[in-house]
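J.: My questions are about this predicted structure, shown below with the sequence.
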Amino acid sequence: MTTLTMDPPRRISLDLGTRHAFSLAWRGILKIRKNPEQLADVTLMPIVFLLMFTYLFGNALGGSIEGYLQSLVPGVLAMNILQACLTVGTQLNTDVTKGVFDRFRAMPIARSAPLVGAVLADIVRYLVCLTVLMIVATVMGYRIQTGPAQFIVAIPLVIAFGLCFCWASVFVGMLMKSPGAAQGLMFVFVMPLTFGSNVFVATSTMPGWLRAWADISPVSFLTNALRGLLNGGPVAGPLAGALAWMVGAVVVFFPLATWAYRRRV
């Protein structure tokens, strides 16, 4: 007797594919609930950076701890959201190497759903990171100098920045053969972006070659936009620069991530 098997449909509507992506995003959120240690990097790292740079270097770099904290918090927001992007590529690589994506491939779902679902689930990590950082910063003495409207704009901006740049992490995660290799390469990518910026010191104090990069770094643009939104100051120019980098990141890395994903699975 011949057993008939139903192959997954070749074409799935956008509406159905979106539902598949959100279903798999919920799967990712449930994994976080069952393994809350996955949030260690977005809960501990913001605290470590705030405490270390404020109390060790605040007087030396900013003249006073209080003044330096006001300048540092928006920069650490930008820095930590970029570092939070590392995990999605590592987790996707782990799922691929463990055969989880083989099961997805046999299911009647959109092929892109596991990829998009993992990225959407990362929003929870970003929200946890921002919440922890703002609570700790407030306890340390940081105060928002603008109003609720500016704060409401700042938080979605940071999350959108993370979502745009996480496609670079997805690309690396799909390209590398092991989770450790993916995480190591992403650190090489992220560290120059975060430390080669105006997060910790003004770019005017840097050597000319480094300042040339730091002035146009996506982290510098986002940091300046957040300082304007949270502390007061110019917003339009830095915001335009940050948005340009965000669009560029999606335009470059989304097709590369999709290509690497289809090649891998």
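T.: That came in fine, so what should we check first? Numbers count the residues shown, from 1 in each chain.

J.: can you pull the buried residues of stretch 88-97?
T.: For stretch 88-97, burial by neighbour count (16 or more other Cβ atoms under 10 Å) applies to 88-93, 95-96. C-betas here are computed from N, CA, C, even on glycine.

J.: Check stretch 174-191 too.
T.: Using 16+ other Cβ under 10 Å as the test for burial, stretch 174-191 gives 174-176, 179, 182-183, 185-186, 190.

J.: From the rest of the structure, what touches it?
T.: For stretch 174-191, the external contacting residues (Cβ atoms under 8 Å, 6 or more residues apart in numbering) are 82-83, 85-86, 89-94, 96-97, 168-169, 172-173, 257, 260-261, 263-264.

J.: cool, stretch 128-146 as well?
T.: 39, 42-43, 46-47, 50-51, 54, 66, 69-70, 73, 76-77, 80-81, 84, 150-151, 155, 158-159, 229-232.

J.: Filter those residues down to the buried ones.
T.: Buried members of the contacts of stretch 128-146, counted by 16+ other Cβ under 10 Å: 39, 42-43, 46-47, 50, 54, 69-70, 73, 76-77, 80-81, 84, 150, 155, 158-159, 229-231.

J.: Please narrow these to those residing in strands.
T.: Among the buried ones among the contacts of stretch 128-146, DSSP state E puts none in strands.

J.: Would you state the helices of the stretch 151-265 of the chain in chain order?
T.: 179-195, 208-214, 218-231, 236-264 (DSSP state H, counting those that start in this stretch).

J.: Between the ones you listed, which has the poorest mean confidence score?
T.: Per-stretch mean pLDDT for the helices of the stretch 151-265 of the chain is lowest at helix 179-195 (a mean of 82).

J.: then that one to CSV, C-alphas only?
T.: The C-alpha coordinates for helix 179-195 follow below in CSV (Å, rounded to 0.1, in the frame of the first residue of the first chain):
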residue,chain,number,x,y,z
PRO,A,179,27.0,28.9,18.2
GLY,A,180,30.4,29.8,19.8
ALA,A,181,31.8,30.9,16.5
ALA,A,182,28.7,33.0,15.8
GLN,A,183,28.9,34.7,19.2
GLY,A,184,32.7,35.4,18.9
LEU,A,185,32.4,36.9,15.4
MET,A,186,29.5,39.1,16.5
PHE,A,187,31.5,40.5,19.4
VAL,A,188,34.2,41.5,17.0
PHE,A,189,31.5,43.3,15.0
VAL,A,190,29.8,45.0,18.0
MET,A,191,32.8,46.1,20.1
PRO,A,192,34.2,48.6,17.6
LEU,A,193,30.7,50.0,17.1
THR,A,194,30.1,50.5,20.8
PHE,A,195,33.5,51.7,22.1
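
J.: oh, and call the first residue 520 from now on, that's how I've got it
T.: That works, and once the first residue is 520, the last one we named lands at helix 698-714.

J.: about what we covered before: looking at the buried residues of stretch 607-616, which are in helices?
T.: 607-612, 614-615 (DSSP state H).

J.: I'd like those residues laid out as a markdown table, including distance to Met725 and pLDDT.
T.: Listed next are those as a markdown table, based on distance: Cβ to Cβ, whole Å; pLDDT from 0 to 100:
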| residue | distance to Met725 | pLDDT |
| --- | --- | --- |
| Val607 | 31 | 84 |
| Gly608 | 29 | 83 |
| Thr609 | 31 | 83 |
| Gln610 | 35 | 82 |
| Leu611 | 35 | 83 |
| Asn612 | 35 | 83 |
| Asp614 | 40 | 76 |
| Val615 | 40 | 79 |
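
J.: and which of those is nearest to Ala761?
T.: Closest approach between those and Ala761, by Cβ to Cβ: Val607, at 20.3 Å.

J.: Was I right to think the closest one contacts Val635?
T.: No - judged on Cβ atoms under 8 Å, Val607 makes no contact with Val635 at a distance of 11.1 Å.

J.: Count the residues that sit near Gly752.
T.: By the criterion of other Cβ atoms under 10 Å, Gly752 has 13 neighbours.
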